[in-house]
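Trainee: Sequence first, predicted coordinates after that:
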Amino acid sequence: MQKFTFLSPLDLLIATVLVLAAGTISILLRLGLEKSLAVAASRCVLQLGMVGLVLEKIFGIDHPLPVLAWLAVMVTLASNEAVKRAKWNYRGITLDAVITMAFSAMIVGAIVTQAVIKVRPWYSPQYVIPLLGMILGNSLNGISLCLDRLTEHLTSRTTEIELLLAFGATRSEAMAEPLQTAVKTGMIPIINNMSVAGIVSLPGMMTGQILAGAPPIQAVGYQIVVMFMIAAANALGSMSIATLASRRLMEPHGRLRLDRLNRSKKPASRKKALGKKG
């Protein structure tokens, strides 16, 4: 079996040809995506390069504080990204997202690292940071989808919900269906991924371990743990954010407060692009 080899700058330069090919196709077909591809590729290289340098320093320090500090940064950035992706926002949405992200990452991450993989010491950055990064990266998608579905349900079926309240339904009863549909929507991506894992696609953890020289069966075991971990994190995250959001958008006595909702602002560049297309 071929051993894992380190990539040289020349290898990365050759890989850049793949992005250039995508940009060439965009130019030939007049898709207008070449600039976006160039910016995205540049950001990808810079961000991953900076993260690599930071993690190399953290990996060399045998202390939990740098690890916890980096995890706090990851939670904050993931929460902000989840809020940006949502179509609607409300006052306190960022705090709700941070609480949700921290809660799901802490619970699921602790079970996986301490009970399943048995990481020693508990703060070992080689395991803790990548695993919690996968939890947060996938949770933010579920959370943003969940928020979109919840707010869409509340805004499109306001009359139905208010009718339930008028007939004496409690906040929990009136919000039961919106919460259910929102959490289901947040779970769709991971359910789809689990359904095709190994048949249609080889997931990232499994592929990475195989490339590093791990036995396929061992790689499969780790990938199963990761998929189940992400499923649990998505379920906890979707349930938590939907519950917190519903409590802000409906008062305890049953008054629906859609006046607290605001449309999320889209980047100016995107607005211009949409305007040109029109």
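Mentor: Cool, got the structure.
Trainee: Every contact and neighbour count from this point should use C-alpha atoms.
Mentor: Will do.
Trainee: how about the strands in the stretch 51-200 of the chain?
Mentor: Taking DSSP state E, counting those that start in this stretch as the criterion, the stretch 51-200 of the chain contains strands spanning 88-90.
Trainee: could you pull out the helices for it?
Mentor: 64-85, 93-110, 125-156, 158-166, 171-174, 176-196 (DSSP state H, counting those that start in this stretch).
Trainee: buried sites along the second one?
Mentor: This means helix 93-110. For helix 93-110, the neighbour count (16 or more other CA atoms under 10 Å) marks 93-94, 96-105, 108-110 as buried.
Trainee: swap in the fifth one?
Mentor: When neighbours are counted by 16+ other CA under 10 Å, the buried residues of helix 171-174 are found to be 171, 174.
Trainee: what do you get for the first one?
Mentor: Neighbour-count burial for helix 64-85 flags 66-67, 70-71, 74-76, 78-85 (criterion: 16+ other CA under 10 Å).
Trainee: Confidence-wise, which helix or strand of this protein is lowest on average?
Mentor: helix 268-277 (a mean of 42; mean pLDDT, DSSP states H and E).
Trainee: where does the residue of the chain most remote from its centre land on pLDDT?
Mentor: The C-alpha centroid of the chain is most remote from residue 167, which lies 38.7 Å away (CA atoms, centre = their mean). Per-residue pLDDT puts residue 167 at 90.
Trainee: Contacts only, for it.
Mentor: Not one residue lies near residue 167 by CA atoms under 8 Å, 6 or more residues apart in numbering.
Trainee: Residue ranges of each domain in the protein, please.
Mentor: The chain breaks down by automatic domain parsing into domains covering 7-60, 64-277.
Trainee: weakest of the ones you listed in terms of mean pLDDT?
Mentor: Least confidently modelled of the domains of the chain is domain 64-277, at a mean of 87 by mean pLDDT.
Trainee: quick one: that one to chain centroid distance?
Mentor: 6 Å (CA atoms, centre = their mean, to the nearest Å).
Trainee: Which of the helices or strands spans residue 19?
Mentor: helix 9-28 (DSSP states H and E).
Trainee: Hmm, residue 234 is touching residue 146, no?
Mentor: No - contact criterion CA atoms under 8 Å: residue 234 and residue 146 do not qualify, at 9.8 Å.
Trainee: Quick check: neighbours shared by the two?
Mentor: With CA under 8 Å, 6+ apart as the test, residue 234 and residue 146 both reach residue 186.
Trainee: longest helix anywhere in this structure?
Mentor: For the chain, the helix that runs over the most residues, judged by DSSP state H, is helix 216-249.
Trainee: Pull out the buried positions in that helix.
Mentor: For helix 216-249, using 16+ other CA under 10 Å, the buried residues are 219-220, 222-224, 226-249.
Trainee: next one: stretch 30-46
Mentor: Buried residues in stretch 30-46, counted by 16+ other CA under 10 Å: 34, 37.
Trainee: quick one: that stretch to chain centroid distance?
Mentor: Stretch 30-46 has its C-alpha centroid displaced from the chain centroid by 21 Å (CA atoms, centre = their mean).
Trainee: Pull it out as CSV, backbone CA atoms only.
Mentor: These are the backbone C-alpha positions of stretch 30-46, laid out as CSV (Å, rounded to 0.1, in the frame of the first residue of the first chain):
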residue,chain,number,x,y,z
ARG,A,30,-20.5,33.3,-20.5
LEU,A,31,-21.6,32.3,-17.0
GLY,A,32,-20.0,35.3,-15.3
LEU,A,33,-18.7,33.1,-12.5
GLU,A,34,-14.9,33.5,-13.2
LYS,A,35,-14.5,36.4,-10.8
SER,A,36,-16.5,34.6,-8.1
LEU,A,37,-14.3,31.5,-8.6
ALA,A,38,-11.1,33.5,-8.4
VAL,A,39,-12.2,35.3,-5.2
ALA,A,40,-13.5,32.1,-3.6
ALA,A,41,-10.3,30.2,-4.5
SER,A,42,-8.1,33.0,-3.1
ARG,A,43,-10.1,33.1,0.1
CYS,A,44,-9.9,29.4,0.4
VAL,A,45,-6.1,29.3,0.1
LEU,A,46,-5.6,32.3,2.5
